[in-house]
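Enquirer: Okay, structure incoming, though there's no sequence with it:
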(Lines give C-alpha, C1' and ligand atoms only; values in the text may rest on other atoms or scores of the structure.)
Protein backbone atom coordinates (compact mmCIF):
# COMPACT_ATOMS: atom_id res chain seq x y z
CA UNK A 1 0.00 0.00 0.00
CA UNK A 2 2.83 2.43 0.81
CA UNK A 3 4.18 1.97 -2.71
CA UNK A 4 0.77 2.73 -4.19
CA UNK A 5 0.24 5.85 -2.09
CA UNK A 6 3.35 7.44 -3.56
CA UNK A 7 1.55 7.57 -6.90
CA UNK A 8 -0.61 10.50 -5.76
CA UNK A 9 0.81 13.85 -6.76
CA UNK A 10 0.67 17.56 -6.18
CA UNK A 11 1.68 20.14 -8.73
CA UNK A 12 4.95 22.01 -8.34
CA UNK A 13 4.18 25.20 -6.37
CA UNK A 14 5.83 27.27 -9.07
CA UNK A 15 3.27 26.14 -11.65
CA UNK A 16 0.77 28.95 -11.32
CA UNK A 17 -1.17 28.81 -14.59
CA UNK A 18 -3.04 25.78 -15.97
CA UNK A 19 -4.83 25.56 -19.31
CA UNK A 20 -7.47 22.84 -19.71
CA UNK A 21 -8.45 22.14 -23.32
CA UNK A 22 -11.60 20.17 -24.11
CA UNK A 23 -14.01 19.62 -26.97
CA UNK A 24 -17.35 20.24 -25.23
CA UNK A 25 -18.62 22.55 -22.49
CA UNK A 26 -19.08 19.76 -19.92
CA UNK A 27 -16.03 17.61 -20.69
CA UNK A 28 -13.86 19.10 -17.97
CA UNK A 29 -16.57 18.65 -15.37
CA UNK A 30 -16.94 14.97 -16.24
CA UNK A 31 -13.22 14.26 -16.15
CA UNK A 32 -10.92 16.65 -14.26
CA UNK A 33 -13.09 19.00 -12.19
CA UNK A 34 -12.00 17.52 -8.86
CA UNK A 35 -8.37 18.33 -9.61
CA UNK A 36 -9.31 21.73 -11.04
CA UNK A 37 -11.21 22.62 -7.88
CA UNK A 38 -8.19 21.70 -5.79
CA UNK A 39 -5.80 23.71 -7.97
CA UNK A 40 -8.07 26.75 -7.78
CA UNK A 41 -8.21 26.44 -3.99
CA UNK A 42 -4.41 26.52 -4.00
CA UNK A 43 -4.57 29.89 -5.72
CA UNK A 44 -3.52 28.75 -9.17
CA UNK A 45 -5.04 30.38 -12.26
CA UNK A 46 -7.02 27.84 -14.28
CA UNK A 47 -8.30 28.59 -17.79
CA UNK A 48 -10.82 26.45 -19.67
CA UNK A 49 -10.57 26.40 -23.47
CA UNK A 50 -13.74 24.91 -24.98
CA UNK A 51 -13.35 24.17 -28.66
CA UNK A 52 -16.97 23.57 -29.72
CA UNK A 53 -20.19 25.42 -29.03
CA UNK A 54 -21.86 22.32 -27.60
CA UNK A 55 -24.73 22.96 -30.00
CA UNK A 56 -25.25 19.28 -30.81
CA UNK A 57 -25.70 18.32 -27.16
CA UNK A 58 -29.25 17.05 -27.48
CA UNK A 59 -30.28 14.18 -25.22
CA UNK A 60 -33.05 13.00 -22.92
CA UNK A 61 -32.91 16.31 -21.04
CA UNK A 62 -32.69 18.60 -24.09
CA UNK A 63 -34.31 17.21 -27.22
CA UNK A 64 -34.23 20.38 -29.35
CA UNK A 65 -30.98 22.11 -30.24
CA UNK A 66 -32.68 25.46 -30.92
CA UNK A 67 -31.09 28.14 -28.75
CA UNK A 68 -28.79 25.60 -27.11
CA UNK A 69 -25.47 27.36 -27.77
CA UNK A 70 -26.02 30.37 -25.46
CA UNK A 71 -27.50 28.04 -22.83
CA UNK A 72 -24.37 25.89 -22.86
CA UNK A 73 -22.14 28.94 -22.67
CA UNK A 74 -24.05 30.18 -19.63
CA UNK A 75 -23.86 26.74 -18.02
CA UNK A 76 -20.11 26.69 -18.63
CA UNK A 77 -19.68 29.96 -16.77
CA UNK A 78 -21.87 28.70 -13.92
CA UNK A 79 -19.77 25.53 -13.60
CA UNK A 80 -16.53 27.47 -13.81
CA UNK A 81 -17.65 29.76 -10.98
CA UNK A 82 -18.33 26.73 -8.76
CA UNK A 83 -14.83 25.38 -9.42
CA UNK A 84 -13.03 28.71 -9.04
CA UNK A 85 -12.14 28.97 -12.75
CA UNK A 86 -12.15 32.64 -13.68
CA UNK A 87 -11.40 32.55 -17.41
CA UNK A 88 -13.04 30.65 -20.26
CA UNK A 89 -12.07 30.69 -23.94
CA UNK A 90 -14.74 29.65 -26.46
CA UNK A 91 -13.37 28.82 -29.91
CA UNK A 92 -16.81 28.32 -31.47
CA UNK A 93 -16.21 25.25 -33.63
CA UNK A 94 -19.23 23.22 -34.72
CA UNK A 95 -20.11 20.49 -32.25
CA UNK A 96 -19.84 16.97 -33.65
CA UNK A 97 -17.89 17.85 -36.78
CA UNK A 98 -14.31 18.27 -35.60
CA UNK A 99 -11.12 17.15 -37.29
CA UNK A 100 -7.58 17.89 -36.06
CA UNK A 101 -6.91 20.46 -38.77
CA UNK A 102 -4.07 22.93 -39.08
CA UNK A 103 -6.59 25.70 -38.44
CA UNK A 104 -7.55 24.16 -35.10
CA UNK A 105 -3.91 23.65 -34.19
CA UNK A 106 -3.23 27.30 -35.01
CA UNK A 107 -6.16 28.43 -32.86
CA UNK A 108 -4.97 26.32 -29.93
CA UNK A 109 -1.40 27.53 -30.41
CA UNK A 110 -2.76 31.07 -30.21
CA UNK A 111 -4.55 30.24 -26.94
CA UNK A 112 -1.41 28.69 -25.46
CA UNK A 113 0.76 31.66 -26.40
CA UNK A 114 -1.80 34.08 -24.95
CA UNK A 115 -2.35 32.14 -21.71
CA UNK A 116 1.28 31.03 -21.36
CA UNK A 117 0.42 28.09 -19.08
CA UNK A 118 2.88 26.06 -17.08
CA UNK A 119 0.64 23.01 -17.48
CA UNK A 120 -1.75 21.98 -20.25
CA UNK A 121 -4.46 19.41 -19.52
CA UNK A 122 -6.14 17.61 -22.39
CA UNK A 123 -7.39 14.19 -23.50
CA UNK A 124 -5.75 11.13 -25.01
CA UNK A 125 -6.13 11.12 -28.81
CA UNK A 126 -5.15 7.46 -29.10
CA UNK A 127 -8.10 5.95 -27.25
CA UNK A 128 -10.83 4.77 -29.64
CA UNK A 129 -13.01 3.12 -27.02
CA UNK A 130 -13.24 2.36 -23.29
CA UNK A 131 -14.20 -1.21 -22.46
CA UNK A 132 -17.24 -2.48 -24.34
CA UNK A 133 -19.69 0.28 -23.36
CA UNK A 134 -18.29 3.60 -24.61
CA UNK A 135 -16.91 4.65 -27.99
CA UNK A 136 -14.76 7.73 -27.54
CA UNK A 137 -16.34 10.76 -29.18
CA UNK A 138 -14.51 11.79 -32.37
CA UNK A 139 -14.51 15.40 -31.16
CA UNK A 140 -12.57 14.29 -28.06
CA UNK A 141 -9.93 12.60 -30.17
CA UNK A 142 -9.67 15.48 -32.64
CA UNK A 143 -9.20 18.14 -29.96
CA UNK A 144 -6.72 16.04 -28.00
CA UNK A 145 -4.63 15.46 -31.11
CA UNK A 146 -4.61 19.13 -32.10
CA UNK A 147 -3.88 20.20 -28.51
CA UNK A 148 -0.82 18.00 -28.19
CA UNK A 149 0.48 19.21 -31.54
CA UNK A 150 -0.10 22.79 -30.45
CA UNK A 151 1.88 22.23 -27.26
CA UNK A 152 4.70 20.72 -29.27
CA UNK A 153 6.04 21.82 -31.59
CA UNK A 154 3.80 24.74 -32.52
CA UNK A 155 3.57 26.83 -29.35
CA UNK A 156 7.31 26.88 -28.69
CA UNK A 157 8.62 27.16 -32.26
CA UNK A 158 8.98 30.64 -33.71
CA UNK A 159 8.94 29.50 -37.34
CA UNK A 160 5.56 27.73 -37.05
CA UNK A 161 2.47 29.93 -37.57
CA UNK A 162 4.61 33.01 -38.04
CA UNK A 163 1.44 35.09 -38.36
CA UNK A 164 1.04 34.74 -34.61
CA UNK A 165 4.21 36.75 -34.17
CA UNK A 166 2.48 39.61 -36.02
CA UNK A 167 -0.23 39.38 -33.32
CA UNK A 168 2.45 39.90 -30.68
CA UNK A 169 2.32 36.26 -29.54
CA UNK A 170 5.83 35.08 -28.80
CA UNK A 171 6.64 31.33 -28.51
CA UNK A 172 5.92 29.67 -25.20
CA UNK A 173 7.18 26.36 -23.82
CA UNK A 174 4.74 24.34 -21.73
CA UNK A 175 6.44 22.64 -18.80
CA UNK A 176 4.07 19.69 -18.32
CA UNK A 177 1.12 18.00 -20.01
CA UNK A 178 -1.47 16.06 -18.05
CA UNK A 179 -3.42 13.70 -20.28
CA UNK A 180 -6.82 12.60 -19.01
CA UNK A 181 -8.60 9.46 -20.18
CA UNK A 182 -5.38 7.53 -20.78
CA UNK A 183 -5.52 3.74 -20.57
CA UNK A 184 -2.01 3.89 -19.07
CA UNK A 185 -2.17 6.53 -16.32
CA UNK A 186 0.87 7.15 -14.16
CA UNK A 187 -0.28 10.09 -12.04
CA UNK A 188 -3.23 10.45 -9.68
CA UNK A 189 -4.57 13.48 -7.81
CA UNK A 190 -6.49 13.00 -4.58
CA UNK A 191 -9.94 14.62 -4.95
CA UNK A 192 -11.44 13.48 -1.66
CA UNK A 193 -12.02 17.08 -0.60
CA UNK A 194 -13.35 18.29 -3.97
CA UNK A 195 -15.51 15.45 -5.29
CA UNK A 196 -18.66 17.18 -4.05
CA UNK A 197 -17.51 20.32 -5.86
CA UNK A 198 -17.03 18.29 -9.04
CA UNK A 199 -20.57 16.93 -8.78
CA UNK A 200 -21.98 20.41 -8.21
CA UNK A 201 -20.11 21.78 -11.23
CA UNK A 202 -21.41 19.04 -13.49
CA UNK A 203 -24.97 19.68 -12.28
CA UNK A 204 -24.57 23.25 -13.54
CA UNK A 205 -24.82 21.74 -17.03
CA UNK A 206 -28.55 21.22 -16.59
CA UNK A 207 -29.20 20.85 -20.32
CA UNK A 208 -26.94 17.79 -20.35
CA UNK A 209 -27.39 15.98 -17.03
CA UNK A 210 -30.72 17.22 -15.71
CA UNK A 211 -31.50 18.01 -12.08
CA UNK A 212 -31.26 14.48 -10.64
CA UNK A 213 -28.56 12.86 -8.49
CA UNK A 214 -27.89 9.76 -10.58
CA UNK A 215 -24.83 11.40 -12.10
CA UNK A 216 -23.24 11.76 -8.66
CA UNK A 217 -23.09 8.00 -8.24
CA UNK A 218 -21.32 7.61 -11.57
CA UNK A 219 -18.71 10.27 -10.73
CA UNK A 220 -18.18 8.73 -7.31
CA UNK A 221 -17.70 5.27 -8.83
CA UNK A 222 -15.11 6.57 -11.30
CA UNK A 223 -13.26 8.43 -8.53
CA UNK A 224 -13.35 5.38 -6.29
CA UNK A 225 -11.90 3.21 -9.09
CA UNK A 226 -9.02 5.63 -9.66
CA UNK A 227 -8.59 6.14 -5.93
CA UNK A 228 -8.14 2.42 -5.42
CA UNK A 229 -5.15 2.46 -7.75
CA UNK A 230 -3.73 5.50 -5.99
CA UNK A 231 -4.26 4.30 -2.44
CA UNK A 232 -6.79 7.02 -1.54
CA UNK A 233 -10.57 7.04 -1.39
CA UNK A 234 -11.20 9.23 -4.44
CA UNK A 235 -8.84 10.30 -7.23
CA UNK A 236 -8.56 11.40 -10.84
CA UNK A 237 -6.05 9.70 -13.14
CA UNK A 238 -3.69 11.24 -15.69
CA UNK A 239 -0.68 10.42 -17.79
CA UNK A 240 2.03 13.01 -17.19
CA UNK A 241 4.55 14.33 -19.69
CA UNK A 242 7.43 16.44 -18.38
CA UNK A 243 8.62 18.69 -21.20
CA UNK A 244 10.86 21.06 -19.23
CA UNK A 245 12.92 19.87 -16.28
CA UNK A 246 14.64 23.19 -15.85
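Expert: Okay, I see it. Please read these numbers as outputs of a predicted model, since none were measured by experiment. Numbers count the residues shown, from 1 in each chain.
Enquirer: so which strand or helix has residue 107?
Expert: Element membership for residue 107 (DSSP states H and E) is helix 102-115.
Enquirer: which other helices and strands contact that helix?
Expert: Packing partners of helix 102-115 (3 or more C-beta pairs under 8 Å, 6 or more residues apart in numbering; DSSP states H and E): strand 17-22, strand 45-52, strand 87-93, helix 138-149, helix 163-166. For glycine as for every other residue, the C-beta is placed from the backbone atoms N, C-alpha and C.
Enquirer: And the contacts of the next helix or strand after that helix?
Expert: Following helix 102-115 in sequence order, the next helix or strand is strand 119-123 (DSSP H and E). With contacts defined as C-beta atoms under 8 Å, 6 or more residues apart in numbering, strand 119-123 is touched by 11, 15, 17-23, 27, 31-32, 112, 140-141, 143-144, 147-148, 151, 174-181, 238.
Enquirer: my guess is residue 86 meets residue 48, correct?
Expert: No - at 9.8 Å, residue 86 does not count as touching residue 48 under the criterion of C-beta atoms under 8 Å.
Enquirer: Can you pick out the residue with more neighbours from these two?
Expert: Taking other C-beta atoms under 10 Å, residue 86 and residue 48 do not tie; residue 48 has more neighbours (27 against 12).
Enquirer: could you list every residue that touches the closest residue to that one other than its chain neighbours?
Expert: Spatial nearest neighbour of residue 48, excluding adjacent residues (C-beta to C-beta, 6 or more residues apart in numbering): residue 88 at 4.8 Å. Counting by C-beta under 8 Å, 6+ apart, residue 88 touches 47, 48, 49, 50, 76, 77, 80.
Enquirer: So the fifth one belongs to a strand, correct?
Expert: Pointing back at residue 76 there. No - the assignment for residue 76 is helix, going by DSSP: H, G, I helix; E, B strand; the rest coil, so no strand is present there.
Enquirer: Chain neighbours aside, what residue packs nearest to it?
Expert: residue 25 (4.4 Å).
Enquirer: and that neighbour, helix, strand or coil?
Expert: Under three-state DSSP, residue 25 falls in the coil class.
Enquirer: what about it, how many residues close to it?
Expert: Using other C-beta under 10 Å, residue 25 has 32 neighbouring residues.
Enquirer: can you pull the contacts of it?
Expert: By C-beta under 8 Å, 6+ apart, the residues touching residue 25 are 50, 52, 54, 57, 72, 73, 75, 76, 205.
Enquirer: No further questions, thank you.
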